[in-house]
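Chemist: here are the coordinates; sequence isn't available:
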């Protein structure tokens with residue numbers, strides 16, 4: 001999946017998007033304001049020297065308010081990252097949420113059809129696909145997006161296939177105005193979820209010919225970049241970056257963090273692309289594998305749960321389009337149960353999100369805030385003993401909102417534009433209420449061994465499995481009208 005250079009300067013964006021998140025226990029938040037996408041473009045990133053890490057000046061982080069969000073009641077944050085689903089695709093028809101069953105295809109109405117979670121469908125989801133689908137904010141170019149896949153994007157997952165997700169969202173909170181902070185795919189999206197940026201470059205695909213996702217890749221590996229004219233995608237810098245991250249900030253404060261991945265060199269193990277982590281003691285101390293350890297680590301009298309934890313899935317449990325299994329909802333429910341049934345429940349906030357839209361149709365035009373995004377809507381489920389129950393948020397959120405919550409909860413500084421401008425997700429919470437007891441979600445898979453499968457994909461050898469390189473450099477031509 002890939003990124004795109006997008007619109008207005010960050011300063012103007014921040015000024016025009018002074019959104020205030022609301023709190024309370026109502027069932028629905030105010031509708032998000034409409035934004036007319038600007039035709040202007042962001043400032044292009046510096047041109048990298050081939051084979052080197054891209055070093056870009058980074059804004060000096062600003063301090064967060066000293067009063068902890070929630071009055072110190074949150075001691076643990078868990079971010080569960082799934083794969084490649086738009087809101088209209090995964091939560092179509094969810095009560096109180098903004099979804100549609102009819103798509104706009106260049107002025108022609110096209111009905112969305114039901115497709116199981118494990119259907120052998122994998123729409124294109126690269127930079128060119130995003131750009132043509134977005135079509136200047138008209139959201140009508142999905143059918144002509146093209147790219148590496150001929151799979152049409154006009155499908156939704158039936159509720160019965162995502163029942164665990166619906167159960168969690170109905171019990172706690174879900175946001176229908178959660179947007180990617182970037183307009184590309186998994187590699188930059190995961191960077192935004194740990195660092196609030198992608199080193200100011202338009203990173204748009206995984207390294208070609210690599211076995212991992214970052215500093216361990218062989219010489220000659222590159223990430224693709226969208227060029228200033230938005231008509232070309234070229235091989236850019238080596239995928240090993242010097243940029244601040246939540247992990248680094250927490251190290252400086254003496255706070256613990258963990259990142260669960262199938263192997264330390266898996267795709268979706270984004271800290272492999274951060275030189276500070278990969279080149280230091282955190283690589284062996286903070287990257288935890290296999291990912292199923294999250295099912296047992298919090299339990300028992302000697303259980304452990306870091307202050308901030310990221311959880312990434314196996315290929316089979318990822319919800320990625322085209323995966324032949326449909327166990328993603330059970331995987332996520334099992335992770336939530338492991339934490340909810342532990343001693344850490346009363347002080348934990350869990351955020352479940354999907355890294356990018358996966359090429360699927362979504363009808364809501366994303367606000368354009370800077371040269372990297374926003375991208376299309378992705379689901380966000382918020383679970384906590386302090387979360388508002390049966391709550392649908394219509395407040396505009398982005399990946400940076402999760403980082404902003406972490407920063408305010410633990411007194412960290414802002415990292416980049418996305419977390420600085422984003423809200424803090426406080427509309428999902430009522431910290432005045434007593435912590436609600438946890439009721440486990442039904443699932444037939446609970447133990448680590450339940451998620452071990454013969455012939456499972458080894459994500460340390462997946463290479464371009466998630467983000468194949470663009471088939472053509474000229475992929476962003478405007479759709480014919």
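Modeler: Great, that's in hand. This structure is a prediction, so every number in the text was calculated from the model and none was measured.

Chemist: thought residue 165 was touching residue 354?
Modeler: No: contact criterion C-beta atoms under 8 Å: residue 165 and residue 354 do not qualify, at 10.0 Å. Bear in mind the C-beta positions are built from the backbone N, C-alpha and C, glycine included.

Chemist: Need the per-residue pLDDT for the residue nearest to the spatial centre of the chain.
Modeler: For the chain, residue 355 is the residue whose C-alpha lies nearest the centre (C-alpha atoms, centre = their mean; 2.8 Å). Note on residue 355: pLDDT of 96.

Chemist: quick one: it and residue 193 touch, right?
Modeler: Yes: checked against C-beta under 8 Å, the pair residue 355 and residue 193 is within contact range at 7.3 Å.

Chemist: okay, and the common contacts of the two?
Modeler: Common neighbours of residue 355 and residue 193, using C-beta atoms under 8 Å, 6 or more residues apart in numbering, are residue 81.

Chemist: What is the least confident helix or strand in this structure?
Modeler: helix 10-16 (a mean of 34; mean pLDDT, DSSP states H and E).

Chemist: Show me what secondary structure element comes after it.
Modeler: With elements assigned by DSSP states H and E, the helix or strand that comes after helix 10-16 is strand 76-82.

Chemist: Packing partners of that following strand?
Modeler: Here strand 76-82 touches helix 186-195, strand 308-311, helix 328-340, strand 348-354, helix 399-410, going by 3 or more C-beta pairs under 8 Å, 6 or more residues apart in numbering; DSSP states H and E.

Chemist: Please compute how far it lies from its chain's middle.
Modeler: 10 Å (C-alpha atoms, centre = their mean, to the nearest Å).

Chemist: same check, this time on stretch 449-461
Modeler: For stretch 449-461, the distance to the chain centre is 22 Å (C-alpha atoms, centre = their mean).

Chemist: any common contacting residues for residue 165 and residue 354?
Modeler: Joint contacts of residue 165 and residue 354 (C-beta under 8 Å, 6+ apart) are 90, 379.

Chemist: where are the low-confidence patches of this protein?
Modeler: 1-66, 146-150, 200-212, 226-233, 461-481 (pLDDT under 70).

Chemist: which stretches of the stretch 151-300 of the chain form strands?
Modeler: Using DSSP state E, counting those that start in this stretch, the strands of the stretch 151-300 of the chain run over 155-156, 173-175, 178-179, 224-226, 233-235, 257-260, 287-288.

Chemist: Could you measure from the residue lying closest to residue 101 once chain neighbours are set aside over to residue 310?
Modeler: Spatial nearest neighbour of residue 101, excluding adjacent residues (C-beta to C-beta, 6 or more residues apart in numbering): residue 112 at 5.1 Å. To residue 310, residue 112 is 32 Å away according to C-beta to C-beta, to the nearest Å.

Chemist: In terms of neighbours, single out the busier of those two.
Modeler: residue 310 (29 against 20; other C-beta atoms under 10 Å).

Chemist: What residues are bridge-paired with that one?
Modeler: Counting by DSSP bridges, residue 310 is bridged to residue 79, residue 259.

Chemist: thinking it is in contact with residue 191, fair?
Modeler: No: using C-beta under 8 Å as the test, residue 310 is too far from residue 191 to be in contact (12.0 Å).

Chemist: Number of residues surrounding the nearest residue to residue 363 once chain neighbours are set aside?
Modeler: The shortest distance from residue 363 to any residue other than its chain neighbours is 4.9 Å, reached at residue 100 (C-beta to C-beta, 6+ apart). A total of 16 residues lie near residue 100 under the criterion other C-beta under 10 Å.

Chemist: Distance-wise, check residue 100 relative to residue 361.
Modeler: For residue 100, the distance to residue 361 - C-beta to C-beta - is 9 Å.

Chemist: of the strands of the stretch 151-300 of the chain, which approaches residue 442 most closely?
Modeler: strand 173-175 (18.5 Å; C-beta to C-beta).

Chemist: got the contact list for that closest one?
Modeler: 91, 94, 97, 379-383, 387-389, 391-395, 397, 428.

Chemist: switch the cut-off to 7 Å
Modeler: Residues outside strand 173-175 that contact it (C-beta atoms under 7 Å, 6 or more residues apart in numbering) are 91, 94, 97, 379-382, 387-388, 391-393, 397, 428.

Chemist: got a winner among the residues you listed for most neighbours?
Modeler: residue 397 (33 neighbours).

Chemist: check contacts around the nearest residue to that residue once chain neighbours are set aside.
Modeler: Once flanking residues are discounted, residue 397 sits nearest to residue 178: 4.5 Å by C-beta to C-beta, 6+ apart. Listed by C-beta under 7 Å, 6+ apart, the contact set of residue 178 reads 353, 377, 378, 379, 380, 397.

Chemist: Residue 114: how many residues sit nearby?
Modeler: 14.

Chemist: who's it bridged to?
Modeler: Taking DSSP bridges, one obtains residue 156 as the residues bridged to residue 114.

Chemist: Could you check how far it is from residue 155?
Modeler: 7 Å.

Chemist: Repeat that for residue 288.
Modeler: According to C-beta to C-beta, residue 288 stands 35 Å off from residue 155.

Chemist: These two: who's more crowded?
Modeler: Neighbour totals were compared for residue 288 and residue 155, and residue 155 leads with 21 against 18 (other C-beta under 10 Å).

Chemist: residues contacting that one?
Modeler: 89, 112, 113, 115, 121, 360.

Chemist: cutoff 8 Å now
Modeler: 89, 112, 113, 114, 115, 119, 121, 360, 361.

Chemist: What count of nearby residues applies to the nearest residue to residue 263 once chain neighbours are set aside?
Modeler: Once flanking residues are discounted, residue 263 sits nearest to residue 460: 4.3 Å by C-beta to C-beta, 6+ apart. For residue 460, the count of nearby residues is 20 (other C-beta under 10 Å).

Chemist: Surely residue 460 is in contact with residue 261?
Modeler: No: the pair residue 460 / residue 261 is not scored as a contact, 9.1 Å apart, by C-beta under 8 Å.

Chemist: how far away is residue 317 from residue 291?
Modeler: 8 Å.

Chemist: if you count what's nearby, which of the two comes out ahead?
Modeler: Neighbour comparison, residue 317 and residue 291: the larger count goes to residue 317, with 28 against 25 (by other C-beta under 10 Å).

Chemist: hey, where'd the helices end up in the stretch 251-400 of the chain?
Modeler: 275-278, 282-285, 328-340, 399-410 (DSSP state H, counting those that start in this stretch).

Chemist: Out of the ones you listed, which gets nearest to residue 67?
Modeler: Here helix 399-410 is closest among the helices of the stretch 251-400 of the chain (C-beta to C-beta), at 8.5 Å.

Chemist: So which residues of the stretch 301-450 of the chain form strands?
Modeler: 308-311, 348-354, 380-383, 391-393, 397-398.

Chemist: The ones you listed into a markdown table, with extra columns for distance to residue 439?
Modeler: Listed next are the strands of the stretch 301-450 of the chain as a markdown table, based on distance: least, C-beta to C-beta, whole Å:
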| stretch | distance to residue 439 |
| --- | --- |
| strand 308-311 | 21 |
| strand 348-354 | 14 |
| strand 380-383 | 11 |
| strand 391-393 | 17 |
| strand 397-398 | 26 |
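
Chemist: Tell me which of the ones you listed sits nearest to residue 331.
Modeler: With C-beta to C-beta as the criterion, residue 331 lies closest to strand 308-311 of those, at 9.3 Å.

Chemist: one step back: among the contacts of residue 155, name the buried ones.
Modeler: 89, 112, 115, 119, 121, 360, 361 (16 or more other C-beta atoms under 10 Å).
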